[in-house]
Structures are given as structure tokens and as C-alpha cells.
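Peer 1: pasted the sequence and its predicted model underneath.
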Amino acid sequence: MDKIVINGGKRLRGDVKISGSKNAALPILIATLLTDGKCVIDNVPELEDINTVVALLKHLGKKIKKEKNKITITANGKLQTDAPYKLVSKMRASVLVAGPLLARFKKAEIPLPGGCAIGIRPINIHLDGLAKLGAKYFVSGGNVKIFAKKLNGTKIILDFPSVGATENLLMTATIIKGKTVIKNAATEPEITDLANFLVKIGADIKGIGTKTLEINGVKKLKGWPDGYEIIPDRIETGTFIVASSLTLGNINISNAIFEHNESLIEKVKLAGAKILMLNGILRVVGPKKIKPVDAETQVYPGFATDLQPLWMALMSIASGKSVITETIFENRLQAVAEFLKMGADIKIKGNTAIVKGVKNLTGAKVVASDLRAAAALILAGLSAKGKTEITGLEYLDRGYENIVRKLEKLGADIKRVIDN
Ligand code: EPZ
């Protein structure tokens, strides 16, 4: 097992390039199940989750060629319609294969993904939407079996703008008969990226980027051999914005999309950071004194839930009290227990954390509970006095491409070593 060892207190300086978005790459790779045409996807980050989705596509019958950040998917005979437990349990985004397989073969069998550290993560909104399109489903032995005699477009109003449910239903609607209108759809940039890819391979989608998606089903979708470039990862961008803000840093972030991080940028400016977008480079200068700023997670374009633990790291050394409220997941304040080991002063009341900033955190041995908590603990370690050791890196490897190397290049004293 590995651990990350950080000697805190170094100011980050220099340049960092943001990798492709994990949460855009996953649905786009899965969307290739909708077509037998050859698809080339560029700017795919090298991550554990990407390896899992590649294994899943291979299991289902696709031929995959992976060259660093480029993945080529081609047909290789008939597709299977069942996703294996070991892959779905590793990555819940595997449930996104349900829609494409159902749309093409009128059946799909997916193990229920189960929960994770941040919540029980049900898929009722996915299944209710598929049922509206004409599917039937039942759960047996931990699997959900979905099937349909015929699927017809219709109006679907999502109870909650679920990112995954929007993606699953959007993909399904592209090749079934008739017009589907998805209301109260999620509008995260990753959904826009998926919709733009689907249009490239021949889908008829209107309202991209809005809460109402209108899809006219087409008979067949084609490939996209010219190469589709995945958008940059806005959560990685946010991670480096916070990293510079809490280390009195001065960094240049390239390949970031300013509007994908506007809510965070507003907040770090209120906290005292200087942020400037110049010739495509996002310059982030951290403040001498970090002002306390409240945050409440919302769906896009509100403050991203994935940045909530990172914000907590910043606020734990602010010059005053702030209130951080998590409204998207029911159990996403787990990083607090680890911040307390580092000397933070945080109290939890329900889904709200009351953070009283301390002068500085002190290094400690801490354990990550999920992907973004792992990132938040790294940031806390960068600013803490003394040595921090972080385990639970299997979560980190799922979602950040070379984050240790990127931070080292920015001057952090950070190493990844075997934890014996
Ligand atoms: C996506 O998860 C992201 N994952 C998450 O990122 C992100 O935190 C989340 O969207 C919210 O932005 C990927 O894109 C692979 P949801 P998803 O469906 O689609 C409830 C990361 O760190 N819900 O919008 O699962 C659900 O329990 C990960 O990269 C239902 O109740 O998110 C949650 O409370 C973590 N029923 C809320 O909605 C459903 O059928 C938001 O979930 C679906 C969701």
C-alpha cells in the first residue's frame, strides 16, 4: 500500500496543465456502445476509473486501443448486455451502460452499484426515466434486469437534476423512436460535452446546456474517427485554484475553462485570492490572510459538491468562522474527522460544518475516505506545519492524473512512497 508524505509550508509557484475531465470521459466512452462506428476520443485522463470503463467496454464486446490519452473504440461483433459485478462495484458510473444497451438491444442487466462513502447513491431516477420510455425492470440477486418490447420517446421530468440519470436517459433517447423531452435535466459541463459528442455521431439534440433537453430519436448513429477532445477537468482546476489559495501560491493554470469554475472563483476572490484569466492562462495568487467565506453546495452552476471538502481545507485556516453546507450528498462531511487530527476547529450539525479558522494546521497521519477527501487532505498537508502522511490513495488514483508530480513541479515537498 502507498502513502503520500508532505512537508507543508511551501508556497506553490509555476505552471500546471489541467488534464481531461474524468466525469466527461466516462459517459462519452460509454456512449460509443450506441454505435458500431469507429470512435476516437482524445484528451482522456490516465486514471483508474478510465481503466475500469475500458475493461467494461471490452467485456461488453468492444475492441479498444489505448495510447496514453487517446482511446480508439471499434466494434468487434455482437455486444453483450450484462455488466459484470466486479466492474460495476468498482465504479458506479458503470450504470450508464444501461441506457445504451437497452436502447440498442431492448435489454440490459446491471448489478445495483450500491453506495459509497458519500451516500447510498440510489438509481431510482435513472430507472423511473427508463420506465417512462417503455422499459420494465426488476431487481433480483442484486442485479437490475431491464427490458422493453418497444421504447418510445416521451416527456420526462426528473425529480432531481441527477447528472447520471440525465446522461443515461439522454443516451437512450438518441436512438429510440419519437421525441423525448427531459425536463429538470442536470446542466453540468460534462453533460454538455456528452451531448456534443452524441451530436457528432449523428444524434438530434436541442437545448444542450439547458435544463430542458429535446431529443429526436434517429435510426442509427455513426462513428467519429476524427478524434473528439474531452473538456478539461473543472474539479482538478478547482483543486489547483484552492491549492494556490491556501499556500500563498502564485500559479498559472493552463487548459482551464474559466466559466466552468465561476462559482469557486467568486468565492476565492472573496477569500482574498487574486484570479486573472489572461491569454487562456488562469493566474491564481493566494492571499496573505484568508478571509472566511460560507459555501453551500448546489447543482451546476452553483458551488460544486466535489469541491466542498477542498473548500473546507481552505476555510480551516481562514481568519474567522465560516459555514459549509452539503446539500447534494447525505454523507459527504467525512473529511472533517481527518482535518480535526490536523488541528482544525470544525463542528458538524447535520449536513452543515461550522469551521473556525486556526492560525495553521499541523501535519498528521490521515486517511482518505473518498476521492475528493483525498485531494482535500493533500491540500491541508501542503499548508500544514510539519509532516502529513496520507493513505487511502486507491481513491485518489481514480480521479487525479499525476497530481503528486504536478504538485512537485509547483514546488511542493510531496512524495508518494510505499507504506511498509
Ligand atoms: C456525478 O455523480 C459525479 N460522478 C459525481 O462526482 C458528482 O459528485 C455528482 O455527479 C454531483 O455533481 C460522475 O460524473 C462519474 P447525481 P452522480 O446522480 O451522477 C441522488 C467525483 O468525485 N440520486 O447527480 O452519481 C444521489 O444519491 C464524483 O468525481 C438519487 O437519489 O450524481 C445524490 O444524493 C463523486 N437517485 C444526488 O442525487 C438517482 O437515481 C446527486 O447525484 C440518482 C441520484
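Peer 2: Looks like it came in fine. Numbers count the residues shown, from 1 in each chain.

Peer 1: hang on, Lys267 packs against Ala295?
Peer 2: Yes: applying CB atoms under 8 Å as the test, Lys267 and Ala295 come out as touching, 6.2 Å apart. For the C-beta atoms, the positions are set from N, CA and C on the backbone; glycine is no exception.

Peer 1: who in this protein is up against the ligand?
Peer 2: 23, 26, 93, 119, 121-126, 160, 162-165, 186, 190, 305-306, 328-329, 371-372, 399 (CB under 6 Å from any ligand atom).

Peer 1: may I ask which helix or strand of this structure has the lowest mean pLDDT?
Peer 2: helix 85-90 (a mean of 88; mean pLDDT, DSSP states H and E).

Peer 1: ok, now how distant is the residue of the stretch 151-300 of the chain found nearest the ligand from Asp294?
Peer 2: Nearest residue of the stretch 151-300 of the chain to the ligand, counting by CB to the nearest ligand atom: Gly164, 2.9 Å away. Going from Gly164 to Asp294 by CB to CB, to the nearest Å gives 28 Å.

Peer 1: who's more crowded, those two?
Peer 2: Each of Gly164 and Asp294 has its neighbours counted (other CB atoms under 10 Å); Gly164 has more, 22 against 16.

Peer 1: model confidence for the more buried one, exactly?
Peer 2: Looking at Gly164, its pLDDT stands at 98.

Peer 1: kindly report the same for the one 4 residues further on.
Peer 2: We have a pLDDT of 98 for Asn168.

Peer 1: that one and Leu102 touch, don't they?
Peer 2: No: counting by CB under 8 Å, Asn168 does not reach Leu102; the two are 9.2 Å apart.

Peer 1: what residues are shared contacts of those two?
Peer 2: Residues touching both Asn168 and Leu102 (CB atoms under 8 Å, 6 or more residues apart in numbering) are Leu130.

Peer 1: list the contacts for the closest residue to Ala203 other than its chain neighbours?
Peer 2: Using CB to CB, 6 or more residues apart in numbering and skipping residues adjacent in sequence, the residue nearest Ala203 is Thr174, 4.0 Å away. Thr174 makes contact with Leu34, Ala103, Leu198, Ala203, Asp204, Ile205, Ile215, Gly217, Val218, Leu221, according to CB under 8 Å, 6+ apart.

Peer 1: just the pLDDT for Thr174.
Peer 2: 98.

Peer 1: again, but for the one 5 residues further on
Peer 2: Lys179 is assigned a pLDDT of 98 by the prediction.

Peer 1: next one: Glu338
Peer 2: The model reports Glu338 with a pLDDT of 98.

Peer 1: next, count neighbours for Gly272.
Peer 2: Neighbour number of Gly272 under other CB under 10 Å is 17.

Peer 1: right, and it touches Ile290 too?
Peer 2: Yes: the pair Gly272 / Ile290 is scored as a contact, 6.0 Å apart, by CB under 8 Å.

Peer 1: mutual contacts of Lys267 and Ala295, please.
Peer 2: Phe303, Trp311.

Peer 1: number of nearby residues for Tyr228?
Peer 2: Using other CB under 10 Å, Tyr228 has 20 other residues around it.

Peer 1: given the strand or helix carrying it, what are its sheet partners and their directions?
Peer 2: If you go by DSSP states H and E, Tyr228 is part of strand 224-229. Strands adjacent to strand 224-229 in the sheet, as given by DSSP bridges, are strand 39-42 (parallel).

Peer 1: give the next helix or strand downstream of the partner strand.
Peer 2: helix 48-60.

Peer 1: pull out the buried residues from stretch 127-143.
Peer 2: Leu127, Gly129, Leu130, Lys132, Leu133, Gly134, Ala135, Tyr137, Asn143 (16 or more other CB atoms under 10 Å).

Peer 1: for those, work out which two are farthest apart.
Peer 2: Lys132 and Asn143 (21.4 Å; CB to CB).

Peer 1: show me what contacts the most centrally placed residue in the chain?
Peer 2: Geometric centre of the chain, nearest residue: Asn23, 4.2 Å, by CA atoms, centre = their mean. Neighbour list for Asn23: Ala93, Val163, Glu188, Glu190, Asp233, Ile235 [criterion: CB under 8 Å, 6+ apart].

Peer 1: quick check: mean pLDDT across the helix or strand containing Ile241?
Peer 2: Using DSSP H and E, Ile241 sits within helix 234-245. The average pLDDT within helix 234-245 is 98.
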